[in-house]
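**Student:** Here is the input, now give the coordinates:
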Amino acid sequence: MNSGLLTFSIISSLLLPLHGGGLDALDEPLEKLLSRDPIVVEEGVVALSKMDADTVRSRARRMILEEGKNPQLPAIVCDLFGHVGGEEDLDLLRDWLSTDDEELTSAAIRALVAIAARYPDSESIDHLLKWCVTKRGSPRAMAALVRPNTSDEMLPSAIRKLRSKNPVDVVAGADFLRAHGAGPHQKELQRAWKKIPKSSGHSARIAIVQALGTIPVEEWTEGSQELLVDALENRDWRVRRRTVEALVEVWSPISIDLLLETLPEKPGDPDLFDWHHALSDLTGESKPVDARGWRVYDEMNPSPRKIVDPKERPVGGWLRVPAEGVGNARVKDGPTVVFFDLPVLAADAVFLFDLSGSMNGDFGGRTRMEAARIEVHTMLEKWLSLPLIEQPRFNLVLFREPYGDPWNARIDRVFPRLAQLSPKNAQTAAQWFSSQGTCRFAYQESIEAAIEDPECRFIYFLSDGEPWGGRCNDLDRLLKELERVTRFHPVAIHNVVIGGSEIAEEYCEKISQRHSGRLRKIGNASETMSKESRAPQIFMARKLGENIIVNPGAEDDQVEVASGQQAKAGVVRAWESIGTNTPVQVQPWNGFALDKGDHLPVPAGAGANHFLHGTIGDVAMRTTLRQHIDLKRLRSTIRKGATYHFSAWIGGWLKQKDEAQVRIVFIDEEENELGEDTLGPVTAVDRDSKNGMRKRQGEGSVPTGSHKVVIELIFDKEQGGSVSDAAMDLLELVISKESAPLQN
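**Tutor:** Next up, the predicted model:
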């Protein structure tokens, strides 16, 4: 029998129900487990987990025996057994626990622990859990051995693990005591803490702190309080954050004392928000996020301090997001910028993006992808305008799962690790983001990729819908997985849903609630985005003697157009389209408009592209693009006297009267116009009725008091036509020191 017939025979026998009749309700979800597409696989797992457990388990076991050569299937079935498995499945789990495949072993341990919770008195499960601890050193299995028949027996082993130099062993021992009762074993926890190297072992420290957090204060022994102070001052932010959480769990006046003793002082410090929210919960006090207010409270309320009645623990835990007013000048919360109105602290952050095909959908005159690109660039520019000491590290990360080839997924990053914000790195990030093509996105894998960097404290996830890729798309399953992967990395996860459905918004809101984040819903670009989000991009002029115009030749937009073809219209990066104008095209020089017939030479130094009014559809009579440039860093020179040099190449097509011009306007702090200059238009007569462009330039003095300059590209279409070939390229605006007058 050839391989094709053999495969068909196996699958056919697999799909026959156990009673020998026709196809039944299990056939379709079982068949999905054989797919190479993780989304289809998950659909099968979710559906089967809701069906009769005994029948599903029997059919799944049969599938494993008949499809054993499928390398992904055992891990998938382990996932399923976590929902429906029983004692009868221990033989399969035992085999998988013995493999060298770490992913399969981890999946088998998770399944075993889930089954153990359903069979608390099973000796065979007890035995296999012990084997996982002895042979695999599994902290998960160790904690699961707090069972009627094994709890006391395993206690000495847990204590021994605390004495290990291996952080994994310490986690196992601490987790066992956390479930068993850590009160009598505080000295062992304290000794374990002291042995952990200062430069590593954050997971072991978190496990110890969480074990201490289960002990009432009145049962603390000498040294436990000092350990928690040490944890609050630990060099690793992850340890500090989990310690604040543990002190709220204790809910004691001593918790207030310890938090006040270690209170961060710097405005905008991410730690300050955690301390502030914990103190607010414990004391019932309502204060701005400012250390000074708590210092006053400390002086006015000496120990023993009053504490409010315990609250019910929120679904997402005690850690919370910064206040809604962050970024508002009336709230002294430190320097921030915003990302679609979400406060972005001056703290290490990773930005994740859904780049599925739907992100190319219309969103108020631009695509959702373009809106995201503009927002990223604007945010980076605002960050750069902050004092250097307040500029954080950042990264942009994608989990890229190609359509049609989900097993060939990969992680793409701008930088190998979080990079310091700088003009060069901001430009690199913006160009990288602009070059990304569409792909499916996966929530869990994206989060895992972001937190591979230990310094990632905040995640900002932009999408327009529910996940459509990766291992977990069912919300309940995803929430459990994220809780597991973020236990030792308590990152705050913010979500922006742009133009998404109510289901997508609910999905992302629950994730944010569980991970001390916030959801920002953006349904319509013009109606629901805040004034801050609708505000123009502000770019920063950084040096004298250099071109301060951003994207002066439309080169930041990658356009692939065959010779003689048209480019697509769109919003050109770094340029705002005013009103409801037709978007300007980014046209390659080898494209449709200016390289045919009797034409002028291509300007020296021109790149691949130029700006073109539009040859697609019914082009507006006038289209204006605008760019705002802050002159903050040049104001000292401007006050003493500065000049500008302004130039552009401007043109059109043959004898047509489509024309373009470039205008600059200098503006003061009160938004008053101080002066302007205009280049163009270059008429058909100026071009000798040829296709192409001619250079126009001007110069003058920069008005004293100029705080910014606005550059406007104005394209006008000839009356009666539906297209416009008004074009320009190589824009330049250079500000220099005013030359000293020559001495006689």
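**Student:** mind listing what Val584 touches?
**Tutor:** Going by CB atoms under 8 Å, 6 or more residues apart in numbering, Val584 touches 569, 571-572, 575, 577, 611-614, 623, 625, 713, 715. For the C-beta atoms, the positions are set from N, CA and C on the backbone; glycine is no exception.
**Student:** From Ala620, how far off is it?
**Tutor:** 10 Å (CB to CB, to the nearest Å).
**Student:** what does Pro120 give?
**Tutor:** 72 Å.
**Student:** go on, Leu145?
**Tutor:** 72 Å.
**Student:** Comparing the two, which residue is more hemmed in?
**Tutor:** A side-by-side neighbour count of Leu145 and Ala620, using other CB atoms under 10 Å, places Leu145 first with 26 against 19.
**Student:** helix/strand/coil for the closest residue to the more buried one other than its chain neighbours?
**Tutor:** Distance criterion CB to CB, 6 or more residues apart in numbering; nearest residue to Leu145, sequence neighbours excluded, is Met154 at 4.6 Å. Secondary structure, DSSP: H, G, I helix; E, B strand; the rest coil: Met154 is helix.
**Student:** give the contact list for Met154.
**Tutor:** 130, 133, 142, 145-146, 176.
**Student:** which one of those residues has the most neighbours?
**Tutor:** Top of the contacts of Met154 by neighbour count (other CB under 10 Å): Phe176, with 30 neighbours.
**Student:** Need the three-state assignment for that one.
**Tutor:** Recorded secondary structure, Phe176: helix (three-state DSSP).
**Student:** Now do the residue nearest to it when sequence neighbours are not counted against Gly680, distance only.
**Tutor:** With sequence-adjacent residues excluded and distances taken as CB to CB, 6+ apart, Phe176 is closest to Ala158, at 3.8 Å. Computed as CB to CB, the Ala158 to Gly680 distance reads 79 Å.
**Student:** same question, Glu87
**Tutor:** From Glu87 to Gly680 the distance is 83 Å (CB to CB).
**Student:** okay, those two: which has more neighbours?
**Tutor:** Shown here are Glu87 and Gly680; by other CB under 10 Å, Gly680 has more neighbours (22 against 14).
**Student:** quick one: contacts for the more buried one?
**Tutor:** Contacts here follow CB under 8 Å, 6+ apart; on that basis Gly680 touches 648, 650, 659-662, 696, 728.
**Student:** Between those residues, which sits nearest Arg635?
**Tutor:** Val662 (23.7 Å; CB to CB).
**Student:** That closest one contacts Ile711, doesn't it?
**Tutor:** Yes - at 6.9 Å, Val662 counts as touching Ile711 under the criterion of CB atoms under 8 Å.
**Student:** overlap in contacts of the two?
**Tutor:** Leu731.
**Student:** which one of those two has more residues nearby?
**Tutor:** Val662 (27 against 23).
**Student:** Export the helix or strand containing the more buried one to CSV, keeping only CA atoms.
**Tutor:** Taking DSSP states H and E as the criterion, Val662 maps to strand 659-667. C-alpha atoms of strand 659-667 as CSV (Å, rounded to 0.1, in the frame of the first residue of the first chain):
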residue,chain,number,x,y,z
GLU,A,659,0.6,73.3,-10.8
ALA,A,660,2.3,73.0,-7.4
GLN,A,661,3.9,75.4,-4.9
VAL,A,662,5.6,75.1,-1.6
ARG,A,663,5.0,77.6,1.3
ILE,A,664,6.7,78.1,4.6
VAL,A,665,5.2,80.0,7.5
PHE,A,666,7.1,81.0,10.7
ILE,A,667,4.8,81.0,13.8
